[in-house]
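Engineer: Coordinates for the following, if possible.
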Amino acid sequence: MKNKSEKTTDDTILNGRIFLRQPKEGYRVAIDPIILASFVYPKDNQKILDVGCGVGAISLILKYRNNSLKITSIDIDEIMYELCRYNSHKNSLELDVRNTDLKNMSNKELYDHVVTNPPFFIAQSSHISEKKRLANFETLELSKWISCCLAKLKNKGKFSIIHSASRIDDILCALHGKAGDITITPIFPKPNEHAIRIVIQCIKGNKSEPKITNGLIIHNGNGQFSKDMQQILDGKIYSEL
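Structural biologist: Sure, this is the predicted structure:
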C-alpha cells in the first residue's frame, strides 16, 4: 500500500504521536481501542497477541509505549492486514502482522498477554456484505472467540477485552473455570448514565471472585471529554489516572 487510496484517510491518535491510515468508510478507529490499550502495560520483552487488530491502533500504542514488546497483530480481513502493515512501517514501530485467524495459528505459539477489541454485533441477516460483516459483526461466537484467545495464553498469562456492557454475562460465562482475578471496569458515557462498554481483564488459570472498579467516565455533563479521558487520549495508562 504505497499510495494513498481515495477510500482511506490519514489520521493520528495520541495527539498526533501515532499515524493511522484507515478506511474512509466502514470500520474506523474510535476511542475503544485507545481505552483498552490504556489498561495494558506489560513487562519488558513480553509477547503480546492483538486479536482482530484492525488497522493496528492497540498494537501501535503498546509498541510506542514500550518498544521491547514482541507484538503479533492478526486480522482475518485482508484490507485491515495491509493497513496495519503500512501503519507499522509508517510509524517505525515493528509489528508481526498476519492475515489469519486464531484457528490457523500454531498451538506452540503462546503469549504473555492477549488483547482484543472484537466486533460487537451479532449478524442476523444473510444480506450483510462480507466487508461489513468482517468489520462490525461477529465472525465467531463471542464465547468461542474468547476460548480461542485463552488458548493462545501461557499459564498465568493475562487476557484483556473491551466490549459492549450488554455482553458482560456472555464474557463471564466464557471465562468461568478458565481464568480468575477478573477485574471489570465499566465505561460510562457521562456521569449518572449506564455503562455502554466494559473492560474485562483476567489471569489464565487463576481462581478468585470477580471485582468491579469505579469505572471510567468518557464525557463530562457538558459533553466535553472528562479529565481522565483526555489523559488516556494523550497516552496515559489507566493505573496512573
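Engineer: how far away is Leu102 from Ile182?
Structural biologist: The spacing between Leu102 and Ile182, counted by CB to CB, to the nearest Å, is 21 Å. Placement of C-beta: from N, CA and C, glycine included.
Engineer: Wait, a helix at Ile34?
Structural biologist: Yes - using DSSP: H, G, I helix; E, B strand; the rest coil, the assignment for Ile34 is a helix.
Engineer: What are the boundaries of the strands in the protein?
Structural biologist: 8-13, 18-23, 47-51, 70-74, 96-98, 111-116, 153-164, 179-188, 197-204, 211-212, 216-217 (DSSP state E).
Engineer: who does the last one touch, helix- and strand-wise?
Structural biologist: Other helices and strands packing on strand 216-217, by 3 or more CB pairs under 8 Å, 6 or more residues apart in numbering; DSSP states H and E, are strand 179-188, helix 227-233.
Engineer: Confirm for me that Leu14 is in contact with Leu62.
Structural biologist: No - the pair formed by Leu14 and Leu62 falls short of the contact definition of CB atoms under 8 Å, at 11.6 Å.
Engineer: Of the two, which one has the most company?
Structural biologist: Shown here are Leu14 and Leu62; by other CB atoms under 10 Å, Leu62 has more neighbours (25 against 19).
Engineer: so that one sits right up against Pro42, yeah?
Structural biologist: Yes - in this structure, Leu62 is within contact of Pro42 by CB under 8 Å, at 7.3 Å.
Engineer: hey, what's in contact with both of the two?
Structural biologist: When contacts are counted by CB atoms under 8 Å, 6 or more residues apart in numbering, Leu62 and Pro42 have Ile48, Leu69 as shared neighbours.
Engineer: so can I have TSV of the helices and strands packed on strand 216-217 showing distance to Asp32, mean neighbour count and mean pLDDT?
Structural biologist: Compiled in TSV, those are given as follows (distance: least, CB to CB, whole Å; neighbours: other CB atoms under 10 Å; pLDDT from 0 to 100):
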stretch	distance to Asp32	mean neighbour count	mean pLDDT
strand 179-188	9	19	97
helix 227-233	11	17	97
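Engineer: quick revisit: looking at the strands of the chain, spot the one closest to Ser88.
Structural biologist: Ranking these by proximity to Ser88 (CB to CB) places strand 96-98 first, at 6.1 Å.
Engineer: Next one: the closest residue to Asp96 other than its chain neighbours from Cys173, what distance?
Structural biologist: In space, and not counting its chain neighbours, Asp96 is closest to Thr72: 4.4 Å by CB to CB, 6 or more residues apart in numbering. Relative to Cys173, Thr72 is positioned 27 Å away (criterion: CB to CB).
Engineer: and those two? which has more neighbours close in?
Structural biologist: Per other CB under 10 Å, whichever of Thr72 and Cys173 has more neighbours is Thr72, with 21 against 13.
Engineer: and Leu140, what does it touch?
Structural biologist: By CB under 8 Å, 6+ apart, the contact set of Leu140 is Asp101, Cys148.
Engineer: Let me know the pLDDT of it.
Structural biologist: On the pLDDT scale, Leu140 is placed at 81.
Engineer: what mean pLDDT does the helix ranked longest in the chain have?
Structural biologist: With DSSP state H applied, the helix covering the greatest number of residues in the chain is identified as helix 78-90. Throughout helix 78-90, pLDDT has a mean value of 97.
Engineer: Which positions within that helix qualify as buried?
Structural biologist: Along helix 78-90, these residues count as buried under the neighbour rule (16 or more other CB atoms under 10 Å): Ile79, Met80, Tyr81, Glu82, Leu83, Cys84, Arg85, Tyr86, Asn87, Ser88.
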